[in-house]
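1. next input, structure requested:
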Amino acid sequence: LFQIQHRHYLQAVFGALVSQLHENWISNVLLRTLDSRFVYRVSVSSHDSPLKMSMRLNILQTAPATSLKQTLFTSRVSQRRRATSGSATRRAACHASAKDIKWQGIHHTGFICESLERSLEFYGDVLGLEINEARPDDRLPYRGAWFWLGEDMIHLMELPNPDTTDLNDRPVNGGRDRHICVGIEDLEPLVGILDSAGVDYIRSASGRPAIFFRDPDANTIEVGQGLKWRGE
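-> Below is the predicted model of the structure:
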């Protein structure tokens, strides 16, 4: 039985115990409950088998008139995971839960940009998208803008890009890179605008009416004519 009044001592004790059990998540859960107003009592005992241990965290108030609180957290941990009935039950539960998920569609796509002004010119002036004024940018800790794309949106974020923007290090065909695909009623007006703006694009090798092009930060956009989705 350990009675510990200092946060770091408690962390050290649980770190040692948890490292033996290879269950680091226990330490994280318990440490989130720490409060300097309390004295922490940690008890560890074995039950039935050395393969199982029980960890118990009790809290005592510092006020002398307060009795021992109820157990805050108790977890029984097994060093050996049973890979038969337990795992099968968990898989069945996950499968049943997945059937209850009702997806509605993509709300928006986030694109990282180096220069917001340059991207505003590309998406607004070249592609003709309209800014969604109902989603102000000042609520976020970085600059950005929201564009309507049909019923969906593109969110431009002026942030450091973790990916290279050097096209020599990206697939020549943007369809083989990370991309979004959007539908359009008539592809040719867009093709004419891209030609006039000097924006490179690749037509689909399958012969279908679709093109792939990149924005100034190498984000790929696929545009297809006559696409059918959402129950059509």
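2. just checking, Gln225 touches Ala210?
-> Yes: in this structure, Gln225 is within contact of Ala210 by Cβ atoms under 8 Å, at 6.9 Å. Glycine gets a C-beta too; all of them are placed from N, C-alpha and C.
3. anything in contact with each of the two?
-> By Cβ atoms under 8 Å, 6 or more residues apart in numbering, Gln225 and Ala210 have these common neighbours: Leu187.
4. which one's more surrounded, the two?
-> Neighbours were counted for Gln225 and for Ala210 using other Cβ atoms under 10 Å; Ala210 has more, 21 against 15.
5. just grab the bridge partners of that one for me.
-> Note on Ala210: beta-bridge partners Gly224, judged by DSSP bridges.
6. wait, doesn't it sit right on Gly224?
-> Yes: judged on Cβ under 8 Å, Ala210 makes contact with Gly224 at a distance of 3.9 Å.
7. which residues are common contacts for the two?
-> Between them, Ala210 and Gly224 share the contacting residues Leu187, Ser204, judged by Cβ under 8 Å, 6+ apart.
8. show me the contacts for Gly207.
-> In this structure, Gly207 makes contact with no residue, judged by Cβ under 8 Å, 6+ apart.
9. same question, Phe122
-> By Cβ under 8 Å, 6+ apart, Phe122 lies in contact with Asp215, Pro216.
10. distance check, it against Asp100.
-> 41 Å (Cβ to Cβ, to the nearest Å).
11. got it, and Gly192?
-> Plainly put, Gly192 is 47 Å away from Asp100 if you go by Cβ to Cβ.
12. who's more crowded, the two?
-> In this view Gly192 and Asp100 are compared by other Cβ under 10 Å, and Gly192 has more residues nearby, 10 against 6.
13. helix or strand for the more buried one, just tell me which one.
-> For Gly192, the element it lies in under DSSP states H and E is helix 187-197.
14. in that helix, which residues are buried?
-> Leu187, Leu190, Val191, Leu194 (16 or more other Cβ atoms under 10 Å).
15. just the CA coordinates for that helix, please, in PDB.
-> Extracted C-alpha coordinates of helix 187-197, given in PDB (Å, rounded to 0.1, in the frame of the first residue of the first chain):
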ATOM      1  CA  LEU A 187     -16.400  20.400 -68.800                       C
ATOM      2  CA  GLU A 188     -15.400  22.400 -71.900                       C
ATOM      3  CA  PRO A 189     -16.000  26.000 -70.500                       C
ATOM      4  CA  LEU A 190     -13.600  25.100 -67.600                       C
ATOM      5  CA  VAL A 191     -11.000  23.700 -70.000                       C
ATOM      6  CA  GLY A 192     -11.100  27.000 -71.900                       C
ATOM      7  CA  ILE A 193     -10.600  29.000 -68.800                       C
ATOM      8  CA  LEU A 194      -7.700  26.900 -67.700                       C
ATOM      9  CA  ASP A 195      -6.100  27.300 -71.100                       C
ATOM     10  CA  SER A 196      -6.500  31.100 -70.900                       C
ATOM     11  CA  ALA A 197      -5.000  31.100 -67.400                       C
END
